[in-house]
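Just to be clear, the model below is a prediction. Sequence and coordinates:
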Amino acid sequence: FHIDASMEDWAGFHSLPKEMALRILGLLSLDQLRVCAQVCHSWLSYCSCPSLWKSFILSIDATNLHLLPTIMETPRFSQTSSRRFMKAILENRHLELVTTSPTIQHLDLQSCSVEGVWPEVLAPTVSSLSSLSLSLQATSPLSSPQKLQLFFQLSSPSCSLQHLSLCFVTLEGVPPRLLASSLGRIKKLRLRGNRLSPNQSIRLVESVAWGNMQELIITNNSLVALPHTITSTLPPHLTRLELTQCSMVPYHFSGLLASSCLPSSSLQHLSLHMASLSTVPPLHLAQTLDSLTTACLSSCGLKPDQVQEVFQTLRENISLKELNLSQNNLSSVPSGVLARVVNRMVRVELTHCSLSRCQVQKVLQESLVSSSLQHLNLRGNDCNIPNKKLLAENGVAELVYMPHDLSTYGVGVFDGAALYTNPSK
C-alpha cells in the first residue's frame, strides 16, 4: 500500500522536531531502519542521517571489497564508528580508505591477510583508534618490520588505543621491553596463541602492575616461566583476569588467589579454565569466589574439601552472579547447600559435575520457591527425574517432575541432560 502525505501528517511523525524523530529512529535495529527508509522520500531522508549509523558495524568481506571506495562515499556508511574486514586480502589503499575517516573508533580484522600492506601504512592505522582486533590468516603472519613498526606506534604517547585483541598473531621477534612498554598502556588486552617467549611473558605481566590495565585475557600462551612473586601480587586496577591453557603450575595459582582476597584487590571477574587448582587451600579458593561477580573454574580438578568449603562460604553470598564449575566433581556437596547457592545466582553452569538425582531435584525444587536464576545448565548430570511426587518444603505442597513434562518448568531433558531457564524471568 501507499502512504501519502496526509496519512503521515495524521500519524504526527512530521510534526515532531527533527531531533526527536531521529531519537526515535535511533532505537530501531538495522533491519527496521531499512524498512522505514523504503516508506517514502521524507522517511528516507530521516533514515539516511549519518548520526543514526554511528553505532552499526560496517562489515566488508572478499565479495564486496572491490566496492569499498563506493561504500565509503556513502554518507551513512562513512559515519559508522566500527569497521570489520572478514577473510579479505588487504592492501594499502583499503586501510587508507577506512582509517582516514574521522569517525572510526573500532577496527576488526578477522582472518585477513595484510602481507600487501606496508609497515608505514599499518602502524599509523592504530593511532586514532580506540579499539583494534587483529586475527590473521595462518598462512600470512605479520612480518618483522610490520610487528616492530606496530609496537613502536603502540608505545608512542600519541597513541590513543585502549582495547587490543591479538588472536594467533605471533609475537616472535618483538623485543620484550618494547612489548611491555606498548601493551602496558592498553586498558583491555586479549592475547591468544601468540607464542610468547619466557622473557616476553615476564615483561608483559610486570607491565600490568605499573600500567593502567583493567582487563587481561590470555589464552594458549605459556606463562610457566613467571616467578611466584609476580603472580602473588594483583595490581589494584585489574578488574578482569582470564587465563586459559597457559601452562601455569599450582604455586602460581596459590599466590594469585591469595592476593585476590586482599582488600586492595579490585578483581571482579575471574576465569581459570583448565587450571590446576587441586592444591590451592580451600579457604583461599572460597574467599576468592566470595569476593567476585563472575567466576569460571571449569575443569580445574577441584577436590571434595575444596568444593564443600566453597559452597558453605557462598551460602550467604550476595555479590557472585555468574558461576561456572563445569567438569568438577560436586557430588560431595549437600543437596540443600547446593540448591541454596545455585538459586542465589543469575547464571550457573554445572555440566558434567557428577550431580546425583537428589541434588538435581533439590535445585529444581528450590528454584520454584525462591530463585534469582535466569540460566542453569545441568547437562551431563543425572537429570532422569523419577515419575513421583516430591514433597517440597518452604510452602509448596507438591511438585511433580516427569521427563515428558519438565518443559512446564522450563527444563528440557534429552539423553540425561538438562538445560534450565527460569520461566518467571
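Yep, that arrived. Numbering: from 1, shown residues only.

Sheet partners, orientation included, of the longest strand seen in the chain?
For the chain, the strand with the greatest residue count under DSSP state E is strand 106-116. Strands that pair with strand 106-116, judged by DSSP bridges, come out as strand 82-86 (parallel), strand 89-91 (parallel), strand 131-136 (parallel).

Outside of that strand itself, list whatever touches it.
57, 81-92, 98-99, 122, 125, 129-137, 139-140, 142-143, 146 (C-beta atoms under 8 Å, 6 or more residues apart in numbering). (Each C-beta comes from the backbone N, C-alpha and C, glycine too.)

What average pLDDT does the strand or helix carrying Leu257 get?
Per DSSP states H and E: Leu257 is located in helix 250-260. What helix 250-260 shows for mean pLDDT is 88.

Which neighbouring elements make contact with that helix?
The criterion is 3 or more C-beta pairs under 8 Å, 6 or more residues apart in numbering; DSSP states H and E, and the helices and strands that helix 250-260 contacts are helix 228-231, helix 282-290.

what's the helix or strand just after the last one packed up against?
Using DSSP H and E, the next helix or strand after helix 282-290 towards the C-terminus is strand 294-296. Using 3+ C-beta pairs under 8 Å, 6+ apart as the contact test, the elements touching strand 294-296 are strand 269-271, strand 322-324.

okay, those in JSON lines with mean neighbour count next?
Shown next, in JSON lines, are the helices and strands packed on strand 294-296 (neighbours: other C-beta atoms under 10 Å):
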{"stretch": "strand 269-271", "mean neighbour count": "19"}
{"stretch": "strand 322-324", "mean neighbour count": "20"}
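
Would you reformat the ones you listed as CSV and include distance to Arg34?
Converted to CSV, these look like this (distance: least, C-beta to C-beta, whole Å):
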stretch, distance to Arg34
strand 269-271, 36
strand 322-324, 35
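
Please convert those strands to CSV, extending it with mean pLDDT and distance to Leu285.
As requested, these are arranged in CSV below (pLDDT from 0 to 100; distance: least, C-beta to C-beta, whole Å):
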stretch, mean pLDDT, distance to Leu285
strand 269-271, 96, 11
strand 322-324, 96, 13
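
Of the ones you listed, which is nearest Ser356?
Of all the helices and strands packed on strand 294-296, strand 322-324 sits nearest to Ser356, with 19.1 Å by C-beta to C-beta.

neighbouring contacts of that closest one?
By C-beta under 8 Å, 6+ apart, strand 322-324 touches 271, 289, 293-298, 345-349.

so where do the strands sit in the stretch 101-250 of the chain?
With DSSP state E, counting those that start in this stretch, the ranges of strands along the stretch 101-250 of the chain come out as 106-116, 131-136, 163-167, 188-192, 215-219, 240-244.

can I get these in CSV with mean pLDDT and mean neighbour count?
Putting the strands of the stretch 101-250 of the chain into CSV (pLDDT from 0 to 100; neighbours: other C-beta atoms under 10 Å) gives the following:
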stretch, mean pLDDT, mean neighbour count
strand 106-116, 93, 19
strand 131-136, 94, 18
strand 163-167, 96, 19
strand 188-192, 96, 19
strand 215-219, 96, 19
strand 240-244, 96, 19
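
export these to CSV and tack on distance to Ser276?
Conversion of the strands of the stretch 101-250 of the chain to CSV gives the following (distance: least, C-beta to C-beta, whole Å):
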stretch, distance to Ser276
strand 106-116, 32
strand 131-136, 29
strand 163-167, 25
strand 188-192, 20
strand 215-219, 16
strand 240-244, 11
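
so which of the helices and strands packed on strand 294-296 gets nearest Asn221?
Closest among the helices and strands packed on strand 294-296, once you apply C-beta to C-beta, is strand 269-271, at 14.6 Å.

For the closest one, name the packing helices and strands.
Looks like strand 269-271 contacts strand 240-244, strand 294-296 (3+ C-beta pairs under 8 Å, 6+ apart).

can I get those in a markdown table with distance to Leu68?
Listed next are the helices and strands packed on strand 269-271 as a markdown table, based on distance: least, C-beta to C-beta, whole Å:
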| stretch | distance to Leu68 |
| --- | --- |
| strand 240-244 | 35 |
| strand 294-296 | 39 |
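
Which stretch among those strands approaches Asp305 most closely?
Taking C-beta to C-beta, strand 294-296 is the member of the helices and strands packed on strand 269-271 nearest to Asp305, at 18.5 Å.

next structured bit after that closest one?
Immediately after strand 294-296, counting by DSSP H and E, sits helix 304-313.

Okay, angle between that next one and helix 282-290 too, please.
Calculated by axes from the mean of the first three to the mean of the last three C-alpha atoms, to 10 degrees, helix 304-313 forms an angle of 40 degrees with helix 282-290.

Give me the buried stretch members for helix 304-313, please.
Gln306, Val307, Gln308, Glu309, Val310, Phe311, Thr313 (16 or more other C-beta atoms under 10 Å).

average pLDDT across it?
On average, helix 304-313 scores 96.

And the contacts of it?
Outside helix 304-313, the residues touching it (C-beta under 8 Å, 6+ apart) are 277-278, 280, 282-283, 285-287, 289-290, 302, 325, 328-330, 332-334, 337-338, 341.

mind running it again at 10 Å?
Helix 304-313 has contacts (C-beta atoms under 10 Å, 6 or more residues apart in numbering) with 277-290, 295, 297, 300, 302-303, 317, 323, 325, 328-334, 337-338, 340-342, 353.

Buried ones among those residues?
277, 280, 282, 284-290, 295, 297, 300, 302-303, 317, 323, 325, 328-330, 333, 337-338, 340-342, 353.

Next one: Phe414, what pLDDT does it get?
On the pLDDT scale, Phe414 gets 36.

And for the one 5 residues further on?
What the model reports as pLDDT for Leu419 is 42.

and Val126, what is it in contact with?
Contacts of Val126 (C-beta under 10 Å, 6+ apart): 99, 107, 132, 134, 150-151, 153-154, 156, 159-161, 164.
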